[in-house]
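1. got a sequence here, can you model it:
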Amino acid sequence: MTQIRDSYNNFVSQFPLEVYPSTTKDSKEFKDQLSHRRFSLRSSGNDEKGLTGKVNLGVYSLSPLSFNESVLVSLDPVCLADVLILAKKTHSKIPLAKPSTEQDLKDNPISISILSHHSSPEGDLPMLIEDEQNNQGKKIKRKVRSCTVIEEFNLANVTDIKEMMFIKAINNKLYDFFFASIFQNTEIIRKVYTMHSPLESIQDSTLLDKLTLQSTLSQLSARNQFSLRYPTISAHCSGTVASYLKPGYFKQSLEEEIGNAYIDGFAELSYLTKYYSELGTKFFFKDANTGGPSLFDLKLASFVYCILELSGDCEAFAQVKPEAVKLGGYVEDVLGTFF
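-> Prediction:
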C-alpha cells in the first residue's frame, strides 16, 4: 500500500503546481452584457426613497414605450405593474432606453434587470432583490422576494375595501383573459417572456428557447391561481399526457375554458370602461399621500397597455381593442406619471 502511495506521489509531483489569483474585476464582455440588461431607475428629484440599499427588480423583458420610445416598460402586465409600483414607492422614474453606466447605478441603486425565470426561487418573475447593510455598514444581507411575496406586500398597503375588490377582479378576470389569449401564441410568448435586451434585435428562436417554453408556460399558468379556475389550460401548459394526445374531451374542454376567459375578461373590461367614463376623474382611486394613481390604477393601466400593444399579434386582443382604446388616454396619464 505504501509503495502504491509513493508511486502516486512521484507521478503527481512531475506536474507543475500553479495557483492562479481570483478574478477581482468583471470582464469587459460581462459589463457590456450587464449594461444592456440592467437599467437604473431615474431620480425624480425627491430624495425620500422609501427603500434603503441596493434594490433590483427582475423582469422577463423590456421594450420601448409605444407613445414615448425614450423609456422602457415590460409587455407582461404583472411585471409592468411592479415596475410602476417600485418607481412610485421609491419616488423614481422608469428607466431610459439606453445602456446604464456604472455611474448611473451608483447615483441611483434602484434598477430593473432582465432575468430568466429560472433565476427565481418560484420559477416566476417579477422578483425583487434587496441588498441591505447592517448598522456597522460591514455585512450585506440579501433578501429575495418572489412574485407572490411582492403581491402580498403590495396588497398590505391597500386600505380601501372597494379598491381591494377591484384589484382582485383584475388579478383574476383580466389576467385569466390575458393568459388564455396568448398561451398558444408562440410568437407573443417568445416576444414577452424570452430574455432579450431591448437594445438588441431579437435573434432567431434557439433550441434553448424551445426547451424552456414549456416551463415558462407552466409557471405563468400558476400565477394568480389561474390553474384552479382553468385546469385544462393549465394541464396543456404543464405538458401532461392528455395535452400531447389531445383526445376529443380535452380539446372541447380547452375551447370552453378559453371562451369563458374571453367572456369574463371582456365583460370586466367593458364594465371598467363604462365606470371610468361615469366617474369623471383622472384616476379610479387617488393615492391618499401623493394624489397620484393608486395601486389599482397601476395594475389596470398595465393590463390595458399590454393588451393594446399586443393586439396586432393576438386575435382576442384585437377583438377587445375598440373597448380598450377608450382607456387609452387614461393609460397615458397613469404611465406618464413616471416619465
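2. shaky segments in the stretch 101-250 of the chain?
-> 134-138, 199-211, 241-244 (pLDDT under 70).
3. which residues in it form helices?
-> 102-107, 147-156, 161-169, 175-182, 186-193, 207-220, 226-229, 231-238, 241-245, 248-279 (DSSP state H, counting those that start in this stretch).
4. what residues does stretch 229-244 touch?
-> 172, 176, 179-180, 183, 214, 217-218, 220-222, 226-227, 250, 253-254, 256-258, 260-261 (Cβ atoms under 8 Å, 6 or more residues apart in numbering). Every C-beta, even on glycine, is put in place using the N, C-alpha and C of the backbone.
5. contacts only, for Asp160.
-> Per Cβ under 8 Å, 6+ apart, neighbours of Asp160: 285, 294.
6. Ser153 contacts Arg145, doesn't it?
-> You called it Ser, but residue 153 is Phe. Yes - the pair Phe153 / Arg145 is scored as a contact, 7.3 Å apart, by Cβ atoms under 8 Å.
7. these two: who's more crowded?
-> For Phe153 and Arg145, the more surrounded residue by other Cβ atoms under 10 Å is Arg145, and the numbers stand at 18 against 12.
8. which residue, other than its chain neighbours, is closest to the more buried one?
-> Leaving aside its sequence neighbours, Arg145 sits nearest to Leu128 (Cβ to Cβ, 6 or more residues apart in numbering; 4.2 Å).
9. was I right to think that neighbour contacts Lys54?
-> No - using Cβ under 8 Å, Leu128 makes no contact with Lys54, being 11.3 Å away.
10. Three-state assignment for the residue nearest in space to the middle of the chain, please.
-> Most central in the chain under Cα atoms, centre = their mean is Cys79, positioned 2.7 Å from the mean C-alpha point. Following DSSP: H, G, I helix; E, B strand; the rest coil, Cys79 is assigned to helix.
11. which one of Leu128 and Lys54 has more residues nearby?
-> Counted by other Cβ under 10 Å, Leu128 and Lys54 do not tie: Leu128 has more neighbours, with 19 against 16.
12. okay, the helices of the stretch 101-250 of the chain, which one's buried deepest?
-> Across the helices of the stretch 101-250 of the chain, averaging neighbours per residue (mean count of other Cβ atoms under 10 Å) puts helix 175-182 on top, at a mean of 24.
13. the inter-axis angle of that helix versus helix 248-279?
-> 130 degrees (axes from the mean of the first three to the mean of the last three Cα atoms, to 10 degrees).
14. same for helix 175-182, what does it pack against?
-> helix 77-89, helix 186-193, helix 226-229, helix 248-279, helix 295-309, helix 315-324 (3 or more Cβ pairs under 8 Å, 6 or more residues apart in numbering; DSSP states H and E).
15. can you tell me what sits against it?
-> With contact meaning Cβ under 8 Å, 6+ apart, helix 175-182 is reached by 77-78, 188-189, 192, 220-221, 223-224, 226, 229-230, 233, 257-258, 261-262, 264-266, 268-269, 303, 306-307, 310, 314, 316-317.
16. does Leu75 touch Ser63 like I think?
-> Yes - counting by Cβ under 8 Å, Leu75 does reach Ser63; the two are 5.6 Å apart.
17. of the two, which one has the most company?
-> The neighbour count for Leu75 versus Ser63, taken as other Cβ under 10 Å, is higher for Leu75 (20 against 17).
18. on the three-state scheme, Leu335 is what?
-> Leu335 ends up helix, using three-state DSSP.
19. check contacts around Ser111.
-> Counting by Cβ under 8 Å, 6+ apart, the residues that Ser111 touches are 38-41, 54-57, 95, 100, 105.
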